[in-house]
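Engineer: sequence and predicted structure, then a few things I'm wondering about:
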Amino acid sequence: DSDAKLEMRFREYDKDNSLTLDKEEFRLYMDSVLSVLGKRKFVEICQALYEETVERRAEIKKAFDSAVSERLLEKVRGANRILPELEQVCIGLLEKKADVNFCDPTGTSTLLYAIDKSENTFIGQLLKYKADPGLHSKEYDCAAFRAS
């Protein structure tokens with residue numbers, strides 16, 4: 001019931017029907033969300049979502065080898081061009097449980113480094129291993145932006 005109310009309120013505050021809210025629309029919408037849920041319930045929901053996200057990320061990390069993930073990132077970051085030989089090495093690292101979405105301290109992922117250095121076949125392989133093209137670096141750069 002509250003989901004339907006929130007959806008109705010969202011549409012009510014989306015004045016330009018863009019299915020997104022600009023800053024003022026968002027402020028007004030959040031005021032209405034708080035009036036429906038109450039501040040305490042809203043904080044509880046946000047905390048639960050945060051905890052779920054942390055748990056999900058921890059479970060995902062368990063499936064990968066961090067040392068192999070770091071090696072994959074280093075190989076791609078250090079290359080001027082991803083040639084077939086290096087591509088095969090990288091695929092081998094992925095097969096050894098490298099996390100294709102592992103990021104360096106700048107928040108840059110393997111896919112973001114590879115996007116300007118490789119052929120579409122390698123990019124396709126990274127995507128097959130579930131590389132996230134929407135993953136942003138700390139400078140708000142992402143592979144989806146670069147590829148477009």
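Structural biologist: That came through fine. Numbers count the residues shown, from 1 in each chain.
Engineer: now do the least confident helix or strand in the chain by mean pLDDT: distance to the chain's middle.
Structural biologist: When each helix and strand of the chain is scored by mean pLDDT, DSSP states H and E, helix 2-13 comes last, with a mean of 82. Relative to its parent chain, helix 2-13 has a centroid offset of 26 Å by CA atoms, centre = their mean, to the nearest Å.
Engineer: relative to its centroid, which residue of the chain is most remote?
Structural biologist: Centroid-distance maximum for the chain: Ser35 at 30.8 Å, with CA atoms, centre = their mean.
Engineer: state the three-state secondary structure for Phe64.
Structural biologist: coil (DSSP: H, G, I helix; E, B strand; the rest coil).
Engineer: and the least confident helix or strand of the chain, which residues are buried?
Structural biologist: Across helix 2-13, burial judged by 16 or more other CB atoms under 10 Å covers Arg9, Phe10, Tyr13. For every residue, glycine as well, the C-beta is placed using N, CA and C.
Engineer: no further questions, thank you.
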